[in-house]
Every structure is written in structure tokens, then in C-alpha cells.
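**Q** Task: produce atomic coordinates for the following.
(2 chains, ligands or ions: 2)
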Amino acid sequence: MPTVIFQLPDGTERKVTAASGTVLMQAAVSNGVQGIVAECGGNASCATCHVYVDADRSELVGGPNDVEDEMLDFTAAERRPTSRLSCQVELSDALDGLVVHVPEEQV
Amino acid sequence: MSTGTTRTAGVVVVGGGQAGFSVASTLRACGYDGPVTVFAAEPHLPYQRPPLSKKAHTEPDELRVSLVPESFYAERDIELRLGDDVVALDPAARTVRTRAGRRVPYAHLVLATGARNRPLPVPGADLAGVHALRSLDDALAVGRALATARDVVVVGGGFIGLELAQVARARGARVTVVELADRLLSRAVSPQLQEHLRQRHEESGVRVLTGTAVQRIEGTDRVRQVVTSAGILPADLVVYGIGAVPRDELARDAGLAVDDGVLVDEQLRSVTDPRVSAVGDCARHPHPHAVGPVRLESVQNATDQGALVGRRLAGQPARYENLPWFWSDQGAVKLQIAGLRAPSDEVRLVPGDTPGRLAAYAFRDGRLVAVETLDWPAEHLAARRLLERRTPVLADELTGTTLGGLARARRAAEVRA
Ligand SMILES: Cc1cc2nc3c(=O)[nH]c(=O)nc-3n(C[C@H](O)[C@H](O)[C@H](O)COP(=O)(O)OP(=O)(O)OC[C@H]3O[C@@H](n4cnc5c(N)ncnc54)[C@H](O)[C@@H]3O)c2cc1C
Ligand code: FES
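**A** Ligands and ions are numbered 1, 2, ... in the order given. Now for the predicted structure:
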């Protein structure tokens, strides 16, 4: 079971463990991680589950899919090279220890 | 907390749905440290309703609808009273009375009671196999019925009916949607989009009967057929979604002003009593984008109104002016709406950059006021960004470009400036 660390805008950290195959957004929401709003429940329609993947793992996580890529242009917080919609990132054992940063705003 | 001492009165929220949850969580996020109590009639942790009509449900866990885990409430000292409903308000004494007869005092009361389905007013609507769809328990019952249903009749061609029709289709049933009006989603989306939606549903094998009235439902032990103005339809499952009415009777009985929803001001306070607020499906409120007071049934409205009241009670008052937006996933079709369209607005249909994508821009006096999109989330998000800004979008600016294009161009100009 991979563990993911969410770094919140106020500097605090939340460590969350989830089964392989869970999407990152779901891991955050079911553990009550603040700042992952996920209004559309993971259907790639709202862009309120935006995260910045930590630079060292960014390559392993991979880039956005086509629809996600377009949507990332309109997130509430600025888009960065490592921006992803967390509902489109599937967790696997290879991602154990992943660090992601939660942006200041989602809506 | 010690027993025997009464805690000082704090915020009492009636209704543990999307809006009630938003009030309570925002209060704590904004540092409010008085007592917060949420009365929730249903036995489940506060949950989201949208998945109920969009997924094939059989197990509550598969739906994963809870907004947050149970520990969230304890960690924030939010007293969540599940299965405990409020049966009366006493605004003069500032108390509520619960079903068990308990009287609970409040400093401020928030009504977040939501809406209930309009009942289907035909003979046979009480037969086994006929379901409404609003609660988690409804969805689980429909999910179980879908496991064996072969002929499904959906009464009502609105959002919930069309979403459920696709769920039933995906589970292999024959599905007919019966709609009284001449078009699907007749009030909710522009006429230009209604035809496209109908086509998409028919392509997926759903039969659509518009301009058709359900007259009665027949069967002995359980539903067997539906008699309509266009003939008899065999049915082993009937699901209806013909609109909802606000649950505003507590307010009305307590003498608060009500008119198809609890009447509130621009800060979402009852127009009769400033110590009472109403949020979500049960509230009728003024909105800068609307002509008269509106009552909106959407997650965005419930969440944002709850947050506004939570912030206000924590000392940060504001007017409610959030841009309304909505989505509906109907099988493979993703419909999204930003802004409020009025029937008199002028609508321009714009094809997307890939097949299947479509946008409808609605203009009032030459300014963009609302945007409906099919399968085009990026355009929807661009619409939200542009409509939220105070700088208007003029019809002329949208010749030969999309909202996405315009949003990018404006941002680039801002960066240069
Ligand atoms: C099947 C379905 C699908 C939907 N899909 C979408 C969608 O795709 N997109 C979208 O934007 N919106 C959708 N909606 C609408 C959205 O879910 C509602 O607008 C939203 O839930 C409203 O939130 P609320 O808190 O006002 O009411 P609710 O979420 O309905 O919560 C109100 C709660 O108050 C409780 N209650 C009522 N009276 C009392 C009392 N006296 N004491 C204690 N508790 C009480 C009720 O039991 C209920 O749980 C959907 C709705 C349904 C039913
Ligand atoms: S949860 Fe809506 S886009 Fe990810």
C-alpha cells in the first residue's frame, strides 16, 4: 500500500496510505485532506483536485492526458510544469512515498 | 464535555447534506470556536447525491459518496446527530425541537433541509418496483432492482431521469424515457442543445418519448406495465424524476417568510429573522445574475452558500454572488452549465474542435451570460473564469474564437501589461 504525503499551503503535512489502484484524489478525500475539493467526484470536469507533483517523482507520475492538459490551463491556482488533476493519477507501489503540494486555491 | 451543564448556545444546522456540511466545516476552518451541532434526518454520514443517479449502485461502499470520514467531525468538535430530525422551530425562544422531544437552544440557526421529490400523481405509483431517486437508500434500492430488470421506464426527461436511463442501459436493460414536455430538459438547457442530447441518447439505444403523459401504472404485486398517452409500455422497474420541491415547511410553520423556498437576503439571512439563515436547495435568494429571487438545486450552490454562511458566522460577512454552475454526466455525455440563462437570451451554437464537442453561448444585451457545453470541460472552465470576472465578454469578441481562446488571449495580455 503506497503512502502519499500531501503538503498543505499552510506548511503542514498529511500522510495518507491507500491501496494500489486508488486515484490520488480519492486517497485525499477519504482521509479528509483539506484543499482537494473534487467537486465533480473525479470525472475530469471541475479542475478542483489540482496538485503539484514533487519534482523528483514528476517523471514517474507522468504528464496529463489530453482532456486534463486542456483543463489545467484554467485551474484556480497557477499552472506549473508538474501540475496534475489528482483524480487522473492512479497510485501504485512504485509511487510509495510520493510528495504532492496542494495549491492555495481550487475554485 | 461534562453532563448536566448546558453548553452555551452556538450554531445549530438543520440538515446534514451538502449545504449543512459546508456550513459546519467552514465554521471550523474559519476559526469559529462555539458549539456546532448538525441535525441530519438520514442515518448516513453526510454524502454527495450526484453519484446516485450516475453509477450502477449496489453497495454503499462502491458508491463512496460520504463527503468526509466520520473522524472529521470528532476532530473538529462538530456534533453530528444522525437519524435525529428537527420537527419544530421556535424563533422567539431561539430553540429547535427534535423528534425525541429534546429542545436545543441556538445563537444562530441554519436551515439546510434540501428538497424532496415531487410525487408522481398517477394511480399505481405506490406499486412495488416504482422508485423515486433522491437518497442513498433510494439509490441502493434502484441498484438492486437493476440487477434483474429488463424493461425500465424512466418517467421524466430531466437530469436525474436521463442519467439513470444511461445507467440502466449500461446494465443491459431496455429503457424508455417518457417526458410530458415536447423536449428533453425543456427548462434546464437551451432548445439548441436539447435536440443534440436527444440524438445522443437515442444513439445509445434509449427510447425517448416526448410529449407523452404517463396515465397510470399497472400490476398486481408489483409493476408490470405503464399506460401512457402513446400506448402501453411493459415495465419491471419504473424510476421517476419529475422535479423537486423545497423542504421549507419548518420555516413556514414557524412564521418565517417562505415562497417556494425560505426567503433570504443577499447574505442568506431569513428576511423575517436575522438569526436564521437558509442555504442550498431550500433557500430562495437574490442573485446579481438573476432577474428575480432564485432557488437553485446544485452542488455548487449548496457548497458555496454553506461556505458563505459559515464565514459570516465566523465574522467575515459577504454578499452571495458566486457564479452558478452545474454538471450532469449522462452515460458518455458530459453536460456542463456556467451562468444563468433566461428564456429570452440569444443563443449561439458553436461546434468544438473535435467531433461531439459543442458549446451554446447565451447572450443578454450583447453580453455573454451563460455557457452550456457538451463533452468540453476545458471550454466550461474557461467560461467560468471569464464569467466570474467583472470585465464583460461581448458577442463580437467571440467571432472566430472559443472562450478557451479568448481566456488565454486575455491572460497573455494581462501578463504583458
Ligand atoms: C440523484 C441526484 C443527482 C444529482 N446530481 C447533481 C449533479 O450532477 N450536479 C449538481 O450540481 N447537482 C446534482 N444534484 C443536486 C444536488 O445534489 C443538490 O442540489 C444538493 O445536494 C443540495 O444540497 P442541500 O444540502 O441543500 O440538500 P441535501 O443534500 O438534499 O441535504 C438536505 C438534508 O437535510 C435533511 N433534512 C431535511 N429536513 C430535516 C430536518 N427537519 N431535520 C434534520 N434533517 C433534515 C435531509 O434528510 C437531507 O439529507 C443531484 C441531486 C440528486 C437527488
Ligand atoms: S475531481 Fe473534478 S476534475 Fe478531478
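**Q** From here on, just use CA atoms for contacts and neighbour counts.
**A** OK.
**Q** wait, isn't B:Gly352 in contact with B:Ala360?
**A** No - B:Gly352 is beyond contact range of B:Ala360, at 10.3 Å (criterion: Cα atoms under 8 Å).
**Q** Neighbour count: those two, which is higher?
**A** Relative neighbour count places B:Ala360 above the other of B:Gly352 and B:Ala360, with 22 against 16, counting by other Cα atoms under 10 Å in any protein chain shown.
**Q** which one is that one nearest to, not counting chain neighbours?
**A** Leaving aside its chain neighbours, B:Ala360 sits nearest to B:Leu349 (4.5 Å; criterion: Cα to Cα, 6 or more residues apart in numbering or on different chains).
**Q** Around that neighbour, count how many other residues there are.
**A** B:Leu349 sits with 16 neighbouring residues when counted by other Cα under 10 Å.
**Q** and what of B:Val227?
**A** Close neighbours of B:Val227, defined as other Cα under 10 Å, add up to 15.
**Q** what's across from it in the sheet?
**A** Applying DSSP bridges to B:Val227 gives these bridge partners: B:Arg216, B:Ile232.
**Q** Start from the N-terminal end of chain B and give the helices.
**A** Taking DSSP state H to define them, one finds helices in chain B at B:18-29, B:60-63, B:71-75, B:136-146, B:159-170, B:191-203, B:249-253, B:299-313, B:377-388, B:403-416.
**Q** The ones you listed: which one's closest to A:Val37?
**A** With Cα to Cα as the criterion, A:Val37 lies closest to helix B:299-313 of the helices of chain B, at 10.5 Å.
**Q** which residues touch the closest one?
**A** Residues external to helix B:299-313 that are found in contact with it (Cα atoms under 8 Å, 6 or more residues apart in numbering or on different chains): A:39, B:18-27, B:30, B:32, B:267-268, B:277, B:279-281, B:317-318, B:320, B:322, B:324-326.
**Q** Let me know the pLDDT of the residue nearest to B:Ala359 when sequence neighbours are not counted.
**A** Leaving aside its chain neighbours, B:Ala359 sits nearest to B:Thr373 (4.3 Å; criterion: Cα to Cα, 6+ apart). Reading off the per-residue confidence, B:Thr373 sits at a pLDDT of 97.
**Q** which residue sits closest to B:Gly339, ignoring its sequence neighbours?
**A** B:Ala370 (4.2 Å).
**Q** So the residue nearest to B:Ala360 is in contact with B:Ala359, correct?
**A** Yes - between B:Leu349 and B:Ala359 a contact is recorded at 5.9 Å, counting by Cα under 8 Å.
**Q** Contact partners for residue 94?
**A** Went with chain A since none was named. Residues near A:Ala94 by Cα under 8 Å, 6+ apart: A:Pro2.
**Q** Actually, chain B is the one I wanted.
**A** Counting by Cα under 8 Å, 6+ apart, the residues that B:Arg94 touches are B:Pro105, B:Tyr106, B:Ala107.
**Q** Spell out which residues of chain A are next to ligand 2.
**A** Residues of chain A lying close to ligand 2 (Cα under 6 Å from any ligand atom) are A:38-49, A:85-87.
**Q** Out of those residues, the closest to chain B would be?
**A** Each of those was checked against chain B using Cα to the nearest Cα; the closest is A:Ser45, at 5.3 Å.
**Q** that's a helix at the closest one, yeah?
**A** No - using DSSP: H, G, I helix; E, B strand; the rest coil, the assignment for A:Ser45 is coil, not a helix.
**Q** Count residues in the vicinity of the residue nearest to B:Ala359, would you?
**A** Using other Cα under 10 Å, B:Thr373 has 26 other residues around it.
**Q** Isn't it up against B:Asp329?
**A** No - B:Thr373 lies out of contact with B:Asp329 (Cα under 8 Å); the separation is 11.7 Å.
**Q** Name the residues contacting each of these two.
**A** A shared contact of B:Thr373 and B:Asp329, defined by Cα under 8 Å, 6+ apart, is any residue touching both; here these are B:Leu335.
**Q** where exactly do the helices run in chain A?
**A** With DSSP H as the criterion, chain A has helices spanning A:24-29, A:55-61, A:66-71.
**Q** Distance to chain B and mean pLDDT added to those helices, as a markdown table?
**A** Putting these into a markdown table (distance: least, Cα to the nearest Cα, whole Å; pLDDT from 0 to 100) gives the following:
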| stretch | distance to chain B | mean pLDDT |
| --- | --- | --- |
| helix A:24-29 | 7 | 91 |
| helix A:55-61 | 22 | 91 |
| helix A:66-71 | 5 | 94 |
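**Q** Leaving out chain neighbours, which residue sits closest to the most centrally placed residue in chain A?
**A** Of all residues in chain A, the one closest to the mean position by Cα atoms, centre = their mean is A:Ser86, 3.1 Å from it. Ranked by Cα to Cα, 6+ apart and with sequence neighbours excluded, the top spatial neighbour of A:Ser86 is A:Met25, at 4.7 Å.
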